[in-house]
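predicted coordinates and the sequence they were generated for:
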Amino acid sequence: MSHRNPGRWGAAGPAAPSGGACWLRVAPAVFVLAWGGNHFTPLLHLYEELGHYAPWQANLLLGLYVVGLAPGLMVAAAVSDRRGRKPVLLTGLAAAAAGSVLLAVGLHSLVLLGAGRLLAGLGVGAAMSVGGSWIKELSTAPYDQHAPAGAGARRPSLTLTLGFAIGAGVTGCLAQWGPAPAQTPYAVHLALAAAALLPLLTAPETRTAAGHGARGVDGPWWTDLRVPAVADRRFTRIVLPAAPWVFAAAGVAYAVMPAVVAPKLGEWATAYATALSVVTLGCGALVQPFVARIDRRTRGRALSIGLAVMSLGMVLAVVACLLRQPVFALAVAVVLGLAYGTTVVAGLAHVQAIATPRDLAGLTGVFYALAYSGFLLPTLLAVLLPVAPYAASLTAVAGVCLLCLAVVAGGLWRPRRAGPAGEPA
């Protein structure tokens, strides 16, 4: 049954240009927004040294953009469902550019850095909920008649992951070897944001402005913040327990592991943190094209496999805390990167299977908000350091991850007994 509002699109839906590359006009903006969200990560050591910030302050700045991310995800999704994808993503791109300006001038001001991170979070939130939904819609008919199976989940997640990884890699190299390490990375990001503007302006709109809410309800836009699909049993039993581990894995890999081995790195701390960011997200990008195949081969259990690898990675992270060897920590980043890539695509596929066209952006926003809550884990572990070393706290984290694996595996098994093979639970 179609949930589309004929008064907005007409019986045949929105007009679409010919060709199957429409999503590539949106991808550069999503890539740049992801770049802006993660290029701060390899600079933590730099801010501790040049800005004289305490480790907890640097980690606070790392996780602070989650505060901007949450409204960016939910408000952007609601407004874009009602007013269209393009104006909202353009606003997100402008917010991210403003954030880079504040970060470039705010080396010695915690307030300016915090504001810059909040704006970066707004941009990433728009990229994940609105950009991800827009790419998904442009990866289906009538915009793309030949998209392969799973393209709607794989394309946005891969675009985001590449932005996270390449942004961290380039920024880390500029900070280690380039001039003005606290300013040059942000100038590069501003140039890329300008370059992504033109293709975004030419991308076809998939949601048109109307006098009615996206879910067919008159009234103010905030009534669209309600996402009924959140109450779906599949979401609460399968997606909810898994989502926070998406970025918890990334955070442990490229925020905690560099701190664990920092005494053995000397002046190479920034380069090493950059390498771990690139390795983690690079492995996540490499595995994503294979997640749909894994899901089919395992009869819809790719999410359980991702969490199983996640649990292994957390256990290995505990071992890394005891050994304090940079090479072993790098291996942990590989495992956690593979888990991240598998979990984000499998989770997003479940979200797209649950959501209706009316609340796709909203449910995508909820998923990413939950996923990004895990990015606060490194800040929490850093705060607990006076009473619990990383080895002890990560042991508890590994136990909770195993518990969530059991919950997700049980949730997948029950619908699988009644559902057709290969269909997302």
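Nice, I can see it.

all helices for the stretch 301-425 of the chain, in order.
Assigned by DSSP state H, counting those that start in this stretch, the helices in the stretch 301-425 of the chain fall at 302-323, 326-354, 360-373, 377-383, 390-418.

any chance of these in JSON lines, plus mean neighbour count and distance to residue 68?
From N, CA and C alone the C-beta is placed, and that goes for glycine too. Output for the helices of the stretch 301-425 of the chain, formatted as JSON lines (neighbours: other C-beta atoms under 10 Å; distance: least, C-beta to C-beta, whole Å):
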{"stretch": "helix 302-323", "mean neighbour count": "22", "distance to residue 68": "26"}
{"stretch": "helix 326-354", "mean neighbour count": "25", "distance to residue 68": "20"}
{"stretch": "helix 360-373", "mean neighbour count": "27", "distance to residue 68": "10"}
{"stretch": "helix 377-383", "mean neighbour count": "20", "distance to residue 68": "15"}
{"stretch": "helix 390-418", "mean neighbour count": "17", "distance to residue 68": "25"}
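
in CSV, list these along with distance to residue 124 and mean pLDDT.
Shown next, in CSV, are the helices of the stretch 301-425 of the chain (distance: least, C-beta to C-beta, whole Å; pLDDT from 0 to 100):
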stretch, distance to residue 124, mean pLDDT
helix 302-323, 21, 96
helix 326-354, 14, 94
helix 360-373, 8, 82
helix 377-383, 17, 87
helix 390-418, 24, 85
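
would you turn the ones you listed into CSV with distance to residue 88?
Listed next are those as CSV, based on distance: least, C-beta to C-beta, whole Å:
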stretch, distance to residue 88
helix 302-323, 29
helix 326-354, 19
helix 360-373, 9
helix 377-383, 28
helix 390-418, 32
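
what's the closest of those to residue 169?
Smallest distance to residue 169 across the helices of the stretch 301-425 of the chain (C-beta to C-beta): 13.2 Å, for helix 326-354.

quick one: the closest one to helix 302-323, angle?
With axes from the mean of the first three to the mean of the last three C-alpha atoms, to 10 degrees as the basis, helix 326-354 and helix 302-323 are set at 160 degrees to each other.

centre of the chain versus helix 326-354, how much separation?
Chain-centre distance of helix 326-354: 11 Å, with C-alpha atoms, centre = their mean, to the nearest Å.

next, the angle from it to helix 390-418.
Helix 326-354 and helix 390-418 are oriented at 30 degrees to each other (the same axes, to 10 degrees).

helix 326-354 to helix 360-373, inter-axis angle?
Inter-element angle recorded for helix 326-354 and helix 360-373: 160 degrees (by the same axes, to 10 degrees).

list of residues touching stretch 116-125?
Contacts to stretch 116-125, defined as C-beta atoms under 8 Å, 6 or more residues apart in numbering, come from residues 33-34, 36-37, 40, 61-62, 64-74, 76, 92-93, 95-96, 98-103, 106, 365, 368-369.

re earlier: the helices of the stretch 301-425 of the chain: which one's closest to residue 200?
Comparing the helices of the stretch 301-425 of the chain under C-beta to C-beta, the one sitting nearest is helix 360-373, at 16.7 Å.

please save the CA atoms from that closest one in PDB.
C-alpha atoms of helix 360-373 as PDB (Å, rounded to 0.1, in the frame of the first residue of the first chain):
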ATOM      1  CA  LEU A 360      11.800   7.500   6.100                       C
ATOM      2  CA  ALA A 361      13.800  10.600   6.900                       C
ATOM      3  CA  GLY A 362      12.400  10.700  10.400                       C
ATOM      4  CA  LEU A 363      13.300   7.100  11.200                       C
ATOM      5  CA  THR A 364      16.700   7.400   9.500                       C
ATOM      6  CA  GLY A 365      17.300  10.400  11.800                       C
ATOM      7  CA  VAL A 366      16.300   8.400  14.900                       C
ATOM      8  CA  PHE A 367      18.700   5.600  13.900                       C
ATOM      9  CA  TYR A 368      21.600   7.900  13.400                       C
ATOM     10  CA  ALA A 369      20.800   9.800  16.600                       C
ATOM     11  CA  LEU A 370      21.000   6.500  18.500                       C
ATOM     12  CA  ALA A 371      24.100   5.500  16.500                       C
ATOM     13  CA  TYR A 372      25.900   8.700  17.400                       C
ATOM     14  CA  SER A 373      25.100   8.400  21.100                       C
END
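
packing partners of that helix?
Here helix 360-373 touches helix 55-83, helix 110-126, helix 132-138, helix 245-251, helix 326-354, going by 3 or more C-beta pairs under 8 Å, 6 or more residues apart in numbering; DSSP states H and E.

need these in CSV (columns: distance to residue 22).
Shown next, in CSV, are the helices and strands packed on helix 360-373 (distance: least, C-beta to C-beta, whole Å):
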stretch, distance to residue 22
helix 55-83, 17
helix 110-126, 19
helix 132-138, 4
helix 245-251, 27
helix 326-354, 18
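
which one, of the ones you listed, ends up nearest to residue 226?
Taking C-beta to C-beta, helix 55-83 is the member of those nearest to residue 226, at 8.7 Å.

quick check: next helix or strand after that closest one?
Sequence-wise, the next helix or strand downstream of helix 55-83 (DSSP states H and E) is helix 85-105.

what helices or strands is that next one leaning on?
Packed against helix 85-105 by the contact rule (3+ C-beta pairs under 8 Å, 6+ apart) you find helix 23-38, helix 55-83, helix 110-126, helix 132-138, helix 184-201.

next up, the contacts around residue 267.
Residue 267 makes contact with no residue under the criterion C-beta under 8 Å, 6+ apart.

look at it and give its secondary structure.
helix (DSSP: H, G, I helix; E, B strand; the rest coil).

returning to that earlier point: among the helices of the stretch 301-425 of the chain, which comes closest to residue 248?
helix 377-383 (4.7 Å).

name the residues that touch the closest one?
Applying C-beta under 8 Å, 6+ apart, the external contacts of helix 377-383 come out as 55-56, 59-60, 62-63, 248, 251-252, 255-256, 259, 390, 393-394, 397.

can you pull the phi/psi pair for the closest residue to residue 228 other than its chain neighbours?
Spatial nearest neighbour of residue 228, chain neighbours left out: residue 359 (6.7 Å); criterion: C-beta to C-beta, 6 or more residues apart in numbering. Main-chain torsions, residue 359, degrees, to the nearest 10: phi -130, psi 20.

for residue 387, same thing?
Dihedral pair for residue 387: phi -110, psi -20, per degrees, to the nearest 10.

for residue 320, see how far away it is.
Plainly put, residue 387 is 21 Å away from residue 320 if you go by C-beta to C-beta, to the nearest Å.

with residue 79 instead?
Distance from residue 79 to residue 320, counting by C-beta to C-beta: 43 Å.

show me the contacts for the closest residue to residue 136 other than its chain neighbours.
Leaving aside its sequence neighbours, residue 136 sits nearest to residue 152 (C-beta to C-beta, 6+ apart; 4.0 Å). With contacts defined as C-beta under 8 Å, 6+ apart, residue 152 is in contact with 135-137, 139-140, 352.
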